[in-house]
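[1] Could you work out the structure for the sequence below:
(one chain, ligands or ions: 1)
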Amino acid sequence: MSLSGRVALVTGGTRGIGLATARALAEAGATVVLTGRDESRAKEAASAAGAAAGLALDVTDAKAVSALVRGVAKEHGKLDIVVANAGIMEDALLGMIKEELVDTTLSTNVAGTLHTVQAAARAMMRKKSGAIVVLASIVGEYGSAGQTVYAASKAAVANIARSAAKELGRSGIRVNAVAPGVIETDLTSGLSEDAKAENSSRTPLGRLGRPEEVANAIRFLVSDEASFITGQVLGIDGGLVL
Ligand code: NDP
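    Down below sits the predicted model:
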């Protein structure tokens, strides 16, 4: 599954699934640019992942996303792969949801993903090829108590992938989503030991997932091996939803 000669951008690549994805794409031979909100953290992560560069980007800023994507495509001559991974998760029961939580979650997860897909499409349309992956979630497909805002945001992300796939297919651009279950990263580090044990026991594979296991699926989806796959939401959850 060589990605040699490909240019890839991974948003939210400073840790967790994004960092593992940047590493997996670089190991497959791609020239990878990763981003995070803080420039020095992004540079550190880039060196850890074997990426070509680590740049500062807040995905809630549409103009900044557009400028960064244009810049990467200009510097490397093209852009083949974009992984819109940046995202946040904060839990709140219905009665406790504050407007600020709604704003930050939707502006990061929904608008941030949309900005990234729009900018990627613009860069890829010229050469009529490309592969985009967005980060949905099993809770976006099935819902989750205490996670109404996050689940709604991830349902939107899955539908960004489906709609963009329909719109961009004739331009040779594939768009897919992955829907991870519970993966051990900073995002889920706040889960209680009880919650982790319950999720593991409900999972047929009997454990939580690792960032590399999501990264491997993303590497497949952006490769030529997946050349007839678009508009899909691929569950990576050890069977949790069964
Ligand atoms: P982490 O919290 O470990 O990492 C999140 C990444 O997103 C960091 O690199 C962070 O960078 C970046 N980020 C957050 N907000 C912004 C922003 N406004 N602009 C730019 N970058 C931002 O999360 P995970 O690796 O666990 O999750 C990655 C994706 O996978 C998310 O979209 C998440 O919703 C999704 N997912 C995760 C699951 C899990 O169980 N872990 C399950 C299902 C989906 P920095 O802070 O350096 O700016």
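[2] what are the ranges of the helices in this structure?
    With DSSP state H as the criterion, the chain has helices at 16-27, 39-49, 62-76, 99-105, 112-125, 138-142, 148-168, 193-202, 211-222.
[3] Pick the most buried one from these.
    helix 16-27 (a mean of 25; mean count of other Cβ atoms under 10 Å). C-beta coordinates here come from the backbone N, C-alpha and C atoms, glycine included.
[4] wait, what's in contact with the residue nearest to the spatial centre of the chain?
    The centre of the chain sits closest to Asn85, judged by Cα atoms, centre = their mean, with a distance of 2.2 Å. When contacts are counted by Cβ atoms under 8 Å, 6 or more residues apart in numbering, Asn85 touches 10-13, 17-18, 21, 135.
[5] Among those, which one sits closest to His115?
    Thr11 (9.4 Å; Cβ to Cβ).
[6] Quick check: that closest one vs Leu34, distance?
    To Leu34, Thr11 is 8 Å away according to Cβ to Cβ, to the nearest Å.
[7] which neighbours do these two share?
    Joint contacts of Thr11 and Leu34 (Cβ under 8 Å, 6+ apart) are Gly18.
[8] how long is stretch 54-71 end to end?
    13 Å (Cα to Cα, to the nearest Å).
[9] got the residues of the chain near the ligand?
    With Cβ under 6 Å from any ligand atom as the criterion, the chain meets the ligand at residues 11-18, 36-38, 41, 57-60, 85-89, 108, 112, 135, 137, 180, 182-183, 185-188.
[10] Chain neighbours aside, what residue packs nearest to Thr113?
    Ala84 (4.6 Å; Cβ to Cβ, 6 or more residues apart in numbering).
[11] again, but for Thr188
    Val182 (5.7 Å).
[12] swap in Ser144?
    Ala151 is the one closest to Ser144 (Cβ to Cβ, 6+ apart), at 5.2 Å.
[13] Repeat that for Lys166.
    Leaving out its chain neighbours, Lys166 is closest to Gly231 (Cβ to Cβ, 6+ apart), at 6.6 Å.
[14] And for Gly13?
    Leu34 (2.8 Å).
[15] could you dump the helices of the chain to JSON lines with distance to Leu240 and mean pLDDT?
    Shown next, in JSON lines, are those (distance: least, Cβ to Cβ, whole Å; pLDDT from 0 to 100):
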{"stretch": "helix 16-27", "distance to Leu240": "16", "mean pLDDT": "98"}
{"stretch": "helix 39-49", "distance to Leu240": "27", "mean pLDDT": "98"}
{"stretch": "helix 62-76", "distance to Leu240": "32", "mean pLDDT": "98"}
{"stretch": "helix 99-105", "distance to Leu240": "22", "mean pLDDT": "98"}
{"stretch": "helix 112-125", "distance to Leu240": "23", "mean pLDDT": "98"}
{"stretch": "helix 138-142", "distance to Leu240": "6", "mean pLDDT": "97"}
{"stretch": "helix 148-168", "distance to Leu240": "15", "mean pLDDT": "98"}
{"stretch": "helix 193-202", "distance to Leu240": "6", "mean pLDDT": "95"}
{"stretch": "helix 211-222", "distance to Leu240": "13", "mean pLDDT": "98"}
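[16] if we can go back for a sec, who are the neighbours in contact with the residue nearest to Gly13?
    Applying Cβ under 8 Å, 6+ apart, the residues contacting Leu34 are 9-11, 13-14, 18-19, 22, 42, 45-46, 49, 51, 53-55.
[17] if you set the cut-off to 7 Å instead, what comes out?
    10, 13, 18, 22, 42, 45-46, 49, 51, 54 (Cβ atoms under 7 Å, 6 or more residues apart in numbering).
[18] Could you provide these in TSV, with additional columns for distance to Ala226?
    As requested, the contacts of Leu34 are arranged in TSV below (distance: Cβ to Cβ, whole Å):
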residue	distance to Ala226
Val10	17
Gly13	21
Gly18	20
Ala22	19
Ala42	27
Ala45	26
Ala46	25
Ala49	22
Ala51	22
Gly54	27
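[19] Fine by me, we can end here.
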